[in-house]
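Peer 1: Got a sequence here, can you build the structure:
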Amino acid sequence: MTLLRLALALGLSAASLAAAPRAAQAADWAVDPGKSRIGFSGVQVGAPFKGRFTRYDAQISFDPAKPEAGRAVVLIDLTSADTGDKQRDEALPQPDWFNASKDRQARFEATRFVAKGGDAYDAIGTLTIRGMRKDVTLPFTLTVSGGTAHAIGHLDLVRTDYGVGQGPWADGGMVALQVGVDIDVTATAKTGG
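Peer 2: Numbering: from 1, shown residues only. Predicted coordinates:
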């Protein structure tokens, strides 16, 4: 089983679900990790920071004629969070934050897609972090060229909705409660799909 090692929030999670192509022939899509990014952002002691999850996996199925029947599962390895700050990166997998020794993965499952007109879509599903599952809608834009799809999306989360940031970190005084999750996903149509 492949892992999508993402999420603070999430997130992430979310992310590859956005690779739902509009004009492709195949229903199944493979994310290109070298051209894709699942990122997150937040504010710590008044200073904005950004990070990304370096290990993740996604299974995406999407028929442009029936977007509502599309499905995606994105698994994010929460131990792969990288913000470029050693102290923060060592803290994130710990029990106060992701508690990765107990719940290593964040999971985003899109149960359907909704076409919003033009290149705009919503991926509707659930995000699970630290065993806490919430309904989410991830808006994204999608462009398709030949057998390649490129999706960009953003989702705002409240980290404490998922138990991220326990004890002294729960009130948002040191680390803001709102977290952004950004996806920039490139996927190719699977042959024989």
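Peer 1: show me where the protein has helices.
Peer 2: 86-91 (DSSP state H).
Peer 1: mind listing the strands in it by residue range?
Peer 2: Taking DSSP state E as the test, the strands found in the chain are 28-31, 37-44, 47-53, 56-61, 71-77, 81-82, 105-117, 120-129, 132-145, 148-158, 178-189.
Peer 1: Mean neighbour count, the ones you listed: which tops it?
Peer 2: Looking across the strands of the chain with neighbours counted as mean count of other CB atoms under 10 Å, the highest average goes to strand 71-77: a mean of 26. Every residue, glycine included, has its C-beta placed from N, CA and C.
Peer 1: Output that strand as PDB - backbone C-alpha positions only.
Peer 2: Included here for strand 71-77 are C-alpha records, laid out as PDB according to Å, rounded to 0.1, in the frame of the first residue of the first chain:
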ATOM      1  CA  ARG A  71     -13.600   9.700  -6.300                       C
ATOM      2  CA  ALA A  72     -10.100  10.300  -4.800                       C
ATOM      3  CA  VAL A  73      -8.200   9.100  -1.800                       C
ATOM      4  CA  VAL A  74      -5.100  11.000  -0.700                       C
ATOM      5  CA  LEU A  75      -2.900   9.700   2.100                       C
ATOM      6  CA  ILE A  76      -0.300  12.000   3.700                       C
ATOM      7  CA  ASP A  77       2.600  11.000   5.800                       C
END
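Peer 1: Name the strands paired with that strand and say parallel or antiparallel.
Peer 2: The strands that strand 71-77 pairs with in its sheet are strand 56-61 (antiparallel), strand 105-117 (antiparallel) (by DSSP bridges).
Peer 1: how much does that strand deviate in direction from strand 132-145?
Peer 2: Counting by axes from the mean of the first three to the mean of the last three CA atoms, to 10 degrees, strand 71-77 lies at 110 degrees to strand 132-145.
Peer 1: pLDDT weak spots in the chain?
Peer 2: The chain contains residues with pLDDT under 70 at 1-26, 63-65, 192-193.
Peer 1: redo that, cut-off 50
Peer 2: Across the chain, the stretches falling below the confidence threshold (pLDDT under 50) are 1-26, 193.
Peer 1: of all the strands paired with strand 71-77, which lies closest to Gly146?
Peer 2: Evaluated with CB to CB, the strands paired with strand 71-77 place strand 56-61 nearest to Gly146, the distance being 16.9 Å.
Peer 1: how many neighbours does Arg55 have?
Peer 2: A count of neighbours around Arg55, defined by other CB atoms under 10 Å, yields 20.
Peer 1: What sits closest to Val175 if chain neighbours are left out?
Peer 2: Distances taken as CB to CB, 6 or more residues apart in numbering put Gln44 closest to Val175, at 4.9 Å, once the chain neighbours are dropped.
Peer 1: That should have said Ala115, apologies.
Peer 2: With CB to CB, 6+ apart as the measure, Pro67 is the residue that lies nearest to Ala115, at 5.1 Å, once sequence neighbours are left out.
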